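Student: starting from these lines, generate the structure:
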Amino acid sequence: MVETGNIFHDRVSRLISWGHWFTFFNVIIVSFISVRYIAYSGVSDSVGGMIYQIISLIGHFSFLCAAVFILILFPLAFIVPFPRLYRMIAIFVSSVGITFLIIDTQIFKLYNFHLNPLIWHFLQSPSQVEQIYRINLHYISFPIIFTIELLLSYMVWKKCRKLQAKRIGKPIAVVLFSAFVISHLAYIWADANQYRPITQQKATYPLSYPMTARTFLKKQGWLTDDKLHNRIVRQGNDYKNELRYPRTPLIFSDNEQLEPAKNILLITVDALRADMLNEKNMPQLYQLSQQGLNYQNHYSGASNRAQGIFSLFYALPNNYWSAITLNYIPPVLLNRLQQQQYQFGLFSSIGFTHPEFLQSSFSGLKPELLKKQAETDNNQDTTDKWRNWLAAQTQENKWFSFLYYEQPSMAFLHDSGPINLSEYTKKLDMYQMQVLALDRQIAQVVDSLAAQGELENTIVFITGTHGTSFAKNRYAESVINDAHVPLVILWPGKDPAQISRMTSHFDIVPTLMEGVLGSQSKANLYSSGQSLFDDRERQYLLSGDLNQYVVYEKERITQFSNDGHISSIDWQGNELDDEQDNVTLLIKVVSQLRRFNK
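Tutor: Modelled structure (predicted):
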């Protein structure tokens, strides 16, 4: 640093120089603290993964510290006229940042995810849970960190000229920037090649968003779904995935102990509200509901199609969606069906190239098989193709079939603006017409089973991906209806019944695993549900989407959004204010959300 005689210039130059070195030493402090993330997540199983852990740690936290300097300290050097005040601001900012980092490392240790507004709300109620006392470091850490930062600030201020004279600042900056760039390039390569020792580290560090280029590579023809799938299959047994799913290897009865195998048919209708199951709107399904098992208080695991289907096949909350779809992890249900040599008949009016099919539910099947089941022209075409497939099956073959029907038009169902009674009635009328047409498709399928003599040998599930409301701006209506769906089961040998207790899409996989596929393991080892034949009452059911969770209880519905907002309503849509119960419920939900994390 060379003095020019210009007081303002020299002052700003010295402050910026001090800021550079103060930031560098904070990078060292932050990096040492952040080693806790590696300790809690576990050292990678491969050399490549271990190298990436170190490089990404240095690169990521160097970037975060540099961002703080560029966005806060650098402009303040031109504004704050007093060096001592400038340094005190820098000390305060760094102390706050490091304190939050320490809190985040402890949260990561306990819950395996990072601090967000929702969890911060959780931290403000330590009386609600004993574990919280372990992470109330935010009440004692700040003064300790502030003292350390004060000493560091003084040391750097005194030694700044000597450090500058060594001319090592630029080489250090190049090394740190290179670590940042290399970590992102390495992740691009790992994502394209599905190198799991690296991809499974995506969420290890807070505010980490590794760069990917899968879409770009696919557009250039350098990467295809087939290549990606084959790479995953080749290394599937070499490395652990991001989840402990299932938590332990499952135990099954011997084939000799199993009852004669039954076929399984899962009929799923997009956006099907539970209140449509009546004699007027769906007369055919209503008649079937009187002949079979009708679960009247059933909820999808999500308020949208993609995660609704995901909850059907995985029986897991939506927070596992990214880990599963990015790594093509198949559900335990599909694995067991393949082990039992079931034939697959898959039919969908939207095809099977969507993530909820290709990258998750049916990721254990060959991509060419899914692509062969091309998108059909309409729901009737889907039914006709299924009937032709059924006619080709022999009684010696046991099969699993999945039928997906879309709503012919979804555009009118949601509206971001105000909606009056007349518009609401018009939308409802259009929706009822579509539902009635879908009811006929379901009737054709069941009639075909009966005509083929297969109805007595087939377990039939009929449900919706999720519910729907007719206006997004109606908060209460959306929360009440967006996950409530019908569930009708035709199970040979089971007496007809109307079941009113709360059930979930999470319960379908345990029902099949225990009732058909011979699972002897507890349902909580591979799902968040329980068998539909388990009469135990649930305290709550979890639904929602990727941005918020909705928790259904007997007396109320609670919504937790990722921005920290918590709200509750009763079943009539009236707002409730019970902060203590909300936090207690949040703790239970958080425990469920981390059960399958490593």
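
Student: let's verify the residue nearest the centre of the chain: helix, strand, or coil?
Tutor: Centroid-nearest residue in the chain, with CA atoms, centre = their mean: Asn319, separated by 2.6 Å. For Asn319, the assignment made with DSSP: H, G, I helix; E, B strand; the rest coil gives helix.

Student: measure stretch 351-367 end to end?
Tutor: Using CA to CA, to the nearest Å, one end of stretch 351-367 lies 12 Å from the other.

Student: so how far is Phe82 from the residue nearest to the centre of the chain?
Tutor: 47 Å (CB to CB, to the nearest Å). Quick note: C-beta positions are derived from backbone N, CA and C, even for glycine.

Student: now stretch 261-271, how far from the chain's geometric center?
Tutor: Distance, stretch centre to chain centre, for stretch 261-271: 24 Å (CA atoms, centre = their mean, to the nearest Å).

Student: before we move on, what about stretch 320-328?
Tutor: Put simply, stretch 320-328 sits 8 Å off its chain's centre (CA atoms, centre = their mean).

Student: contacts for that stretch next, please.
Tutor: Stretch 320-328 has contacts (CB atoms under 8 Å, 6 or more residues apart in numbering) with 191, 194, 196, 199-200, 202, 228-229, 232, 241-243, 245, 306-307, 310, 314, 316, 329, 355-356, 359-360, 363, 546, 596.

Student: next, work out how far apart Gly68 and Ala203 are.
Tutor: For residue 68 the amino acid is Val, not Gly. 22 Å.

Student: per-residue confidence for His121?
Tutor: pLDDT recorded at His121 is 67.

Student: should've said Tyr431
Tutor: Tyr431 carries a pLDDT score of 91 in this model.

Student: and what of Ala391?
Tutor: 92.

Student: now do Gln53
Tutor: As predicted, Gln53 sits at a pLDDT of 93.

Student: what about it, neighbour count?
Tutor: By the criterion of other CB atoms under 10 Å, Gln53 has 23 neighbours.

Student: before we move on, what about Glu396?
Tutor: Glu396 has 5 nearby residues by other CB under 10 Å.

Student: can you pull the contacts of it?
Tutor: Contacts of Glu396 (CB under 8 Å, 6+ apart): none.

Student: now swap in Ala190 and tell me
Tutor: With the criterion set at CB under 8 Å, 6+ apart, Ala190 makes contact with Tyr52, Arg196, Pro197, Ile198, Thr199.

Student: now it: how far from Gly467?
Tutor: Taken as CB to CB, the span from Ala190 to Gly467 is 38 Å.

Student: doesn't Leu266 fall inside a helix?
Tutor: No. Counting by three-state DSSP, one finds Leu266 to be strand, located in no helix.

Student: touching, it and Trp399? I think so.
Tutor: No. Taking contacts as CB atoms under 8 Å, Leu266 lies outside contact range of Trp399: 11.5 Å.

Student: ok, longest helix in the protein?
Tutor: helix 7-41 (DSSP state H).

Student: against which helices or strands is that one packed?
Tutor: Applying 3 or more CB pairs under 8 Å, 6 or more residues apart in numbering; DSSP states H and E, one finds that helix 7-41 contacts helix 47-68, helix 74-79, helix 83-111, helix 141-165, helix 169-193.

Student: of all those helices, which lies closest to Ser41?
Tutor: helix 83-111 (7.7 Å; CB to CB).

Student: please compute how far the closest one lies from its chain's middle.
Tutor: Centre-to-centre, helix 83-111 and its host chain are 29 Å apart (CA atoms, centre = their mean).

Student: tell me which residues of it are tucked away?
Tutor: Neighbour-count burial for helix 83-111, counted by 16 or more other CB atoms under 10 Å, picks out 86-87, 90-91, 93-95, 97-108, 111.

Student: give me the angle between that helix and helix 141-165.
Tutor: 120 degrees (axes from the mean of the first three to the mean of the last three CA atoms, to 10 degrees).

Student: helices and strands around helix 83-111, which ones?
Tutor: helix 7-41, helix 47-68, helix 74-79, helix 117-123, helix 141-165.

Student: tell me the most buried of the ones you listed?
Tutor: helix 47-68 (a mean of 20; mean count of other CB atoms under 10 Å).

Student: now that helix - C-alpha only, CSV.
Tutor: Taking C-alpha atoms only, helix 47-68 is exported to CSV below (Å, rounded to 0.1, in the frame of the first residue of the first chain):
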residue,chain,number,x,y,z
VAL,A,47,-10.6,-40.7,-2.6
GLY,A,48,-12.3,-38.5,-5.2
GLY,A,49,-15.1,-37.7,-2.8
MET,A,50,-12.6,-36.8,0.0
ILE,A,51,-10.7,-34.5,-2.2
TYR,A,52,-13.9,-32.8,-3.3
GLN,A,53,-15.0,-32.4,0.4
ILE,A,54,-11.9,-30.4,1.1
ILE,A,55,-11.8,-28.4,-2.1
SER,A,56,-15.5,-27.5,-1.9
LEU,A,57,-15.2,-26.6,1.8
ILE,A,58,-12.4,-24.1,1.0
GLY,A,59,-14.0,-22.8,-2.2
HIS,A,60,-17.5,-22.4,-0.8
PHE,A,61,-16.6,-20.6,2.4
SER,A,62,-14.0,-18.5,0.7
PHE,A,63,-16.8,-17.4,-1.7
LEU,A,64,-19.2,-16.6,1.2
CYS,A,65,-16.6,-14.6,3.0
ALA,A,66,-15.6,-12.8,-0.2
ALA,A,67,-19.3,-12.0,-0.8
VAL,A,68,-19.6,-10.4,2.6
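
Student: quick check: mean pLDDT across stretch 56-65?
Tutor: Averaged across stretch 56-65, pLDDT comes to 94.

Student: before we move on, what about stretch 500-512?
Tutor: 96.

Student: show me where the stretch 401-550 of the chain has its helices.
Tutor: In the stretch 401-550 of the chain, the helices defined using DSSP state H, counting those that start in this stretch lie at 421-451, 475-481, 508-515.

Student: turn those helices into CSV, including mean neighbour count and distance to Gln290.
Tutor: Shown next, in CSV, are those (neighbours: other CB atoms under 10 Å; distance: least, CB to CB, whole Å):
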stretch, mean neighbour count, distance to Gln290
helix 421-451, 16, 13
helix 475-481, 18, 23
helix 508-515, 23, 21
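
Student: and those, which one's lowest on average pLDDT?
Tutor: Across the helices of the stretch 401-550 of the chain, helix 475-481 gives the lowest mean pLDDT, at a mean of 81.

Student: that helix - contacts with which helices or strands?
Tutor: strand 557-561, strand 566-569.

Student: run the last query once more with 10 Å
Tutor: strand 548-552, strand 557-561, strand 566-569 (3 or more CB pairs under 10 Å, 6 or more residues apart in numbering; DSSP states H and E).

Student: for the last one, buried residues please.
Tutor: Burial within strand 566-569, assessed by neighbour count using 16+ other CB under 10 Å, is assigned to Ile566, Ser568, Ile569.

Student: ok, these vs Ala437, which is closest?
Tutor: Taking the buried residues of strand 566-569 together and measuring to Ala437 by CB to CB, the closest member is Ile569, at 33.0 Å.

Student: pLDDT below threshold where in the stretch 1-150 of the chain?
Tutor: The stretch 1-150 of the chain contains residues with pLDDT under 70 at 1-6, 118, 121-140.

Student: same thing but 80
Tutor: Residue ranges of the stretch 1-150 of the chain with pLDDT under 80: 1-10, 110-113, 115-141.

Student: which stretches in the stretch 201-350 of the chain count as helices?
Tutor: 214-219, 225-235, 283-291, 305-314, 321-327, 332-339.

Student: for those helices, which has the smallest mean pLDDT value?
Tutor: helix 225-235 (a mean of 57).

Student: what would the helices and strands packed on helix 475-481 look like in JSON lines with distance to Gly292?
Tutor: Listed next are these as JSON lines, based on distance: least, CB to CB, whole Å:
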{"stretch": "strand 548-552", "distance to Gly292": "24"}
{"stretch": "strand 557-561", "distance to Gly292": "28"}
{"stretch": "strand 566-569", "distance to Gly292": "32"}
